[in-house]
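quick one: sequence plus predicted model below, questions after.
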Amino acid sequence: MTDEKTRASESVARLGTGISSWVPNLYYDLIARVVPGFVVATTLGVVLAGPAPSWRSIREMVSSETQPSIFLLLLIGLPIAYTVSVICYGLDRALRKRIRHSSMAAHEWPDDFSMKYDFIKSKQPSTGNEAGKLRAEVHMTHVLQTGWVLTLLIGLARISGSTTLGELELLGIVFVCIFAAGSTRSHLHGRLIKKIANYARILGYDEPPPVTDGVVKRAKKTKKAKTTRKAKATKKTTKKRAKKA
């Protein structure tokens, strides 16, 4: 009987470990990719179709007797949302590498961020999952801001004499959302960096020795000495070749 209980408890433990291994990843994808991708795709669709036709289509779909199944909507919507999110995040990273600006540099991760993040997840998975949720929220704001910028540019390019006041108001709302997403991103980014640094320090992460002025000066002096020796050796070789000639 005891052996059966032991085997049962081990099975439950293995099941818990399996669930805990894939639930955080699923949760991360949901927050970081699916939700912002769905919001961006919906906003872009409303901008392209116009607010009035979009609202009319939604009311007709809701009031219709033959409503589409939730499974069909998820089957179509999830891949679209995920793809839109990946594209927007890729554009965001590409722009950040091309444009070196102080405001963009402020949103870059420290050099040891990934190491500390992995260290926390290995030492205390529950704390690592909490940090992962915050990291997913930062990713979400990146996707939202980039997607809304693209949506705004597309909407502005389509402005003509027949553009209605409602369409202009919608573009104004998108413009405000861009700044709101940027402000939220800055807040979450700074909060995550502080949280990772605090958790790593509490769990005993070994910080690399600080680089002092003396170390920098010695490194520069060593580099200068090597350069001088190399120049002298080159000069001697040149003189020997000249004598032989």
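Nice, thanks for sending it over.

list the contacts for the residue positioned nearest the centre of the chain?
Nearest to the geometric centre of the chain sits residue 139, at 3.2 Å (Cα atoms, centre = their mean). When contacts are counted by Cβ atoms under 8 Å, 6 or more residues apart in numbering, residue 139 touches 31-33, 89. For the C-beta atoms, the positions are set from N, CA and C on the backbone; glycine is no exception.

go again with 6 Å.
By Cβ atoms under 6 Å, 6 or more residues apart in numbering, residue 139 lies in contact with residue 32.

what's the distance between it and residue 109?
12 Å (Cβ to Cβ, to the nearest Å).

give me the phi and psi for residue 203.
When quoted as degrees, to the nearest 10, the phi and psi of residue 203 stand at phi -80, psi 0.

I'd say it and residue 123 touch.
Yes. With contact defined as Cβ atoms under 6 Å, residue 203 reaches residue 123; the gap is 4.7 Å.

before we move on, back to that, now do the SS call for the residue nearest to the centre of the chain.
helix (DSSP: H, G, I helix; E, B strand; the rest coil).

do the one 10 residues further on as well
Classification of residue 149 using three-state DSSP returns helix.

residues contacting it?
residue 178.

longest helix in this protein, by number of residues?
Using DSSP state H, we find that the single longest helix of the chain is helix 165-202.

next, residue 136: phi, psi?
Per degrees, to the nearest 10, the backbone of residue 136 is at phi -60, psi -40.

next: residue 205.
Per degrees, to the nearest 10, the backbone of residue 205 is at phi -70, psi 130.

so what's it scoring on pLDDT?
pLDDT, residue 205: 80.

can you tell me how far it sits from residue 86?
31 Å.

for residue 93, same thing?
Taken as Cβ to Cβ, the span from residue 93 to residue 86 is 11 Å.

hey, what's in contact with both of these two?
Going by Cβ under 6 Å, 6+ apart, no residue sits against residue 93 while also sitting against residue 86.

thank you kindly, that will do.
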